[in-house]
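S.K.: Just need the structure, nothing else, for what follows:
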Amino acid sequence: MEEQNILAVLGENIKQYRNRSGWSQIDLAEKINISIPFLSNIEQGKTWVSLPTLAKFTKAFDVNVYELFKSDKHLPGKQARLIRKYTADAQALLGKLARRYLN
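M.R.: Next up, the predicted model:
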């Protein structure tokens, strides 16, 4: 994978984790002590982060570092579709189980 693709994947994943957490860029930037323009550049795939900053992201999102670099966009189409399908199926099943046991 080329450097630009890695930067794009990292930026997309950080933005997705931030959105899933319900945080604005301001919220996340304050949590990990970086500037908002720097965070914006990261999310846009324009700049690299240092290892200490990468560690701050993993701590804020409570994920392993490899999860920030995972992408199904670079898999062959059939494999990427299967991964998305099973992910969606697993989420639906977990939702059903949660509703069953929480009610």
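
S.K.: contacts and neighbour counts: CA atoms only from here.
M.R.: Fine.

S.K.: Just the element for the residue most central in space within the chain, please.
M.R.: Taking C-alpha atoms, centre = their mean as the criterion, residue 13 is the residue nearest the geometric centre of the chain, at 2.7 Å. Per DSSP states H and E: residue 13 is located in helix 3-21.

S.K.: what are the ranges of the helices in the chain?
M.R.: Here the chain has its helices, by DSSP state H, at 3-21, 25-32, 36-43, 51-61, 77-102.

S.K.: Just the C-alpha atoms of the third one, please, in PDB.
M.R.: Yep, that's helix 36-43 we're talking about. Provided in PDB are the C-alpha atoms of helix 36-43 (Å, rounded to 0.1, in the frame of the first residue of the first chain):
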ATOM      1  CA  ILE A  36      -7.800  21.300  15.900                       C
ATOM      2  CA  PRO A  37      -6.000  22.200  12.500                       C
ATOM      3  CA  PHE A  38      -3.600  19.300  13.200                       C
ATOM      4  CA  LEU A  39      -6.500  16.900  13.800                       C
ATOM      5  CA  SER A  40      -8.200  18.100  10.700                       C
ATOM      6  CA  ASN A  41      -5.100  17.500   8.600                       C
ATOM      7  CA  ILE A  42      -4.800  14.000  10.100                       C
ATOM      8  CA  GLU A  43      -8.400  13.200   9.300                       C
END
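
S.K.: so where is the protein shaky, pLDDT-wise?
M.R.: Confidence mapping of the chain against pLDDT under 70 gives the ranges 1, 72-95, 97-98, 101-103.

S.K.: what separates the residue nearest to the centre of the chain from residue 62, distance-wise?
M.R.: Here residue 13 is placed at a distance of 13 Å from residue 62 (C-alpha to C-alpha, to the nearest Å).

S.K.: Let me see the contact set for residue 38.
M.R.: Contacts for residue 38 were tallied using C-alpha atoms under 8 Å, 6 or more residues apart in numbering; there are none.
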